[in-house]
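In: The amino acid sequence is not available; the structure is as follows:
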């Protein structure tokens, strides 16, 4: 006996197809709705599947009812195994189709992703070429000067982006004019700290890594406040050191104290530090020299922090940072000493480097202000209060207009960091140009 299975979009079309192909011999056994087509199981369409068999041609009509019923049973018995086999075969074929479709879909997806990556690469290269082609000579020269002064790459990108945004092509032709504005931007990024009054005694603790010159800086501060150098009002000063680990540290600060007639106390514990602060509470200024530790030594830093905390919540903590430190290391030092809640930075060893862009970049990125600058070992000559002008005149390759800068930064800076462009007297988005 011959069996058949046909598919069509609808039941009517399936029946028409069966009649067309098999005529009146076709006998329908089952019909069902199935899904076929699509990619990875998506966008499949419903269709109707019809199964049956072909009735054999007979010589004449059957007259016996029993014979008819028996023939039906035979047909049904034959149809059931065939239908089951057809379903199994169909299921296998469907799984094979799905696997093939999935594999094809994955391959197509990989092809699309590869094309997208190639497109992104091409666009990036095209933009880089375009950007390179469109860099104005003045912008390129300014960027080169910033690089020569060791400014961080992120800082340089901000400056060059601002040049493109704020200056017209005509204004960029005047290099001296552009240079003056860039120097002002840098100066406005240099935050200058000023104490906003203090209660007696004023306690100033200096922290920082090993070898940045904390003890020498403490001695310089003691001298300028004891004698009244650089416009400071003379006052009574005391020095306390907790640096008893470094060889010769105690002798060094005691020698400074003896020369300047400034009493020195040496302590090792938090309780001793608190007692020394009480014993010297009649002084106007108490300077605390701390142990120098690597910013990577978290345990030792925690010990120093506990000692500094003994100075009390009103104590001023300043971070000593060497100007010779690499840009990347500067940012890490500023971050590692954040738990000390330092109010300002003392930039030391300016005499040992010609490039200060690293310090300006790092301090601007962290929003930190400068309190003092030191540029040598002499006590007390080689220390002064920080001003933007003192750093701007050290910029290599630039030709700062000193008179204009002195006028711009003549007034004492407000406590805290000044934002870029503050005090410039111009709208933030003004296009620079000559009338």
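Out: Everything's here; your move. These numbers were taken from a predicted model, which means no experiment stands behind them.

In: Pop out the phi and psi values for residue 369.
Out: Backbone dihedrals for residue 369, given as degrees, to the nearest 10, come out at phi -110, psi 160.

In: Same check on the one 10 residues further on?
Out: Residue 379 adopts backbone torsions of phi -110, psi 120, taken as degrees, to the nearest 10.

In: can you check the one 5 residues further on too?
Out: Note on residue 384: backbone dihedrals following degrees, to the nearest 10 are phi -160, psi 160.

In: same check, this time on the one 3 residues further on
Out: When read as degrees, to the nearest 10, the backbone of residue 387 gives phi -140, psi 150.

In: Is it in contact with residue 409, as I believe?
Out: Yes: with contact defined as C-beta atoms under 8 Å, residue 387 counts as touching residue 409 (6.1 Å). (Each C-beta comes from the backbone N, C-alpha and C, glycine too.)

In: can you give me the strands for the stretch 301-435 of the chain?
Out: Ranges of strands in the stretch 301-435 of the chain, per DSSP state E, counting those that start in this stretch, are 316-322, 344-348, 369-374, 383-385.

In: closest to residue 232 out of those?
Out: Between residue 232 and the strands of the stretch 301-435 of the chain, the tightest spacing by C-beta to C-beta is seen for strand 383-385, at 8.7 Å.

In: so what does that closest one touch, helix or strand wise?
Out: Applying 3 or more C-beta pairs under 8 Å, 6 or more residues apart in numbering; DSSP states H and E, we find strand 383-385 packed against helix 214-227, strand 369-374.

In: So which elements touch the longest one?
Out: Going back to what we said before, that points to helix 214-227. With contacts defined as 3+ C-beta pairs under 8 Å, 6+ apart, the secondary structure elements packing on helix 214-227 are strand 202-207, strand 237-241, helix 249-260, strand 285-289, strand 369-374, strand 383-385.

In: let's see it at 6 Å
Out: For helix 214-227, the helices and strands in contact under the criterion 3 or more C-beta pairs under 6 Å, 6 or more residues apart in numbering; DSSP states H and E are strand 237-241, helix 249-260, strand 285-289.

In: Pull out the buried positions in the second one.
Out: Translated: helix 249-260. Neighbour-count burial for helix 249-260, counted by 16 or more other C-beta atoms under 10 Å, picks out 249, 250, 252, 253, 254, 256, 257, 260.

In: Any idea what the residue nearest to the fourth one when sequence neighbours are not counted is bridged to?
Out: Once its chain neighbours are removed from consideration, residue 253 has its nearest residue in residue 241; the separation is 5.0 Å (C-beta to C-beta, 6 or more residues apart in numbering). Here residue 241 shows beta-bridge partners residue 266, residue 289, assigned using DSSP bridges.

In: Assign a three-state SS to residue 229, would you?
Out: State at residue 229, reduced to three classes by DSSP: H, G, I helix; E, B strand; the rest coil: coil.

In: got a list of what it touches?
Out: Applying C-beta atoms under 6 Å, 6 or more residues apart in numbering, we find residue 229 in contact with residue 380.

In: Retrieve the pLDDT associated with it.
Out: On the pLDDT scale, residue 229 is placed at 76.

In: any idea how far it lies from residue 383?
Out: Residue 229 is 9 Å from residue 383, where distance means C-beta to C-beta, to the nearest Å.

In: what's the answer for residue 51, then?
Out: Residue 51 is 100 Å from residue 383, where distance means C-beta to C-beta.

In: These two: which has the busier surroundings?
Out: Neighbours were tallied for residue 51 and for residue 383 using other C-beta atoms under 10 Å; the higher tally belongs to residue 383 (23 against 20).

In: wait, doesn't the more buried one sit right on residue 375?
Out: No: using C-beta atoms under 6 Å, residue 383 makes no contact with residue 375, being 8.0 Å away.

In: Tell me how far residue 403 lies from residue 192.
Out: With the distance defined as C-beta to C-beta, residue 403 ends up 20 Å from residue 192.

In: just residue 9 next, same as before
Out: Residue 9 sits 82 Å away from residue 192, taking C-beta to C-beta as the criterion.

In: Show the secondary-structure elements that the helix or strand bottoming out on mean pLDDT in the chain is packed against.
Out: With mean pLDDT, DSSP states H and E as the measure, the helix or strand of the chain carrying the lowest mean pLDDT is helix 65-134 (a mean of 72). Contacts defined by 3+ C-beta pairs under 6 Å, 6+ apart place helix 65-134 against no helix or strand at all.

In: Let me see the contact set for the closest residue to residue 368 other than its chain neighbours.
Out: The shortest distance from residue 368 to any non-neighbouring residue, by C-beta to C-beta, 6+ apart, is to residue 345 (5.4 Å). Applying C-beta under 6 Å, 6+ apart to residue 345 gives the contacts 319, 321, 368, 370.

In: Neighbour count for those residues - can I get that in CSV?
Out: As requested, those are exported to CSV (neighbours: other C-beta atoms under 10 Å):
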residue, neighbour count
319, 23
321, 26
368, 21
370, 26
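
In: Okay, now the unreliable bits of the stretch 101-250 of the chain?
Out: Confidence mapping of the stretch 101-250 of the chain against pLDDT under 70 gives the ranges 124-133, 197-198, 243-249.

In: Please repeat the previous calculation with a cut-off of 90.
Out: Scanning the stretch 101-250 of the chain with the threshold set as pLDDT under 90 gives 101-135, 194-200, 210-211, 213, 215-216, 223-224, 226-234, 242-250.

In: Could you do the stretch 251-400 of the chain as well?
Out: Along the stretch 251-400 of the chain, the model assigns pLDDT under 90 to residues 251-261, 268-269, 290-308, 312-314, 326-328, 336, 354, 375-382, 400.

In: can you pull the buried residues of stretch 312-321?
Out: Buried residues in stretch 312-321, defined by neighbour count with 16+ other C-beta under 10 Å: 315, 316, 317, 318, 319, 320, 321.

In: whoops, stretch 180-196 was the one
Out: Judged by neighbour count (16+ other C-beta under 10 Å), stretch 180-196 contains these buried residues: 180-193.

In: and the residues you listed, which of them are in strands?
Out: For these, the ones inside strands are 191, 192, with DSSP state E as the criterion.

In: and the buried residues of stretch 180-196 as JSON lines, adding distance to residue 211?
Out: Written out in JSON lines, the entries for these read as follows (distance: C-beta to C-beta, whole Å):
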{"residue": "180", "distance to residue 211": "37"}
{"residue": "181", "distance to residue 211": "38"}
{"residue": "182", "distance to residue 211": "33"}
{"residue": "183", "distance to residue 211": "32"}
{"residue": "184", "distance to residue 211": "34"}
{"residue": "185", "distance to residue 211": "32"}
{"residue": "186", "distance to residue 211": "28"}
{"residue": "187", "distance to residue 211": "29"}
{"residue": "188", "distance to residue 211": "31"}
{"residue": "189", "distance to residue 211": "27"}
{"residue": "190", "distance to residue 211": "24"}
{"residue": "191", "distance to residue 211": "25"}
{"residue": "192", "distance to residue 211": "25"}
{"residue": "193", "distance to residue 211": "23"}
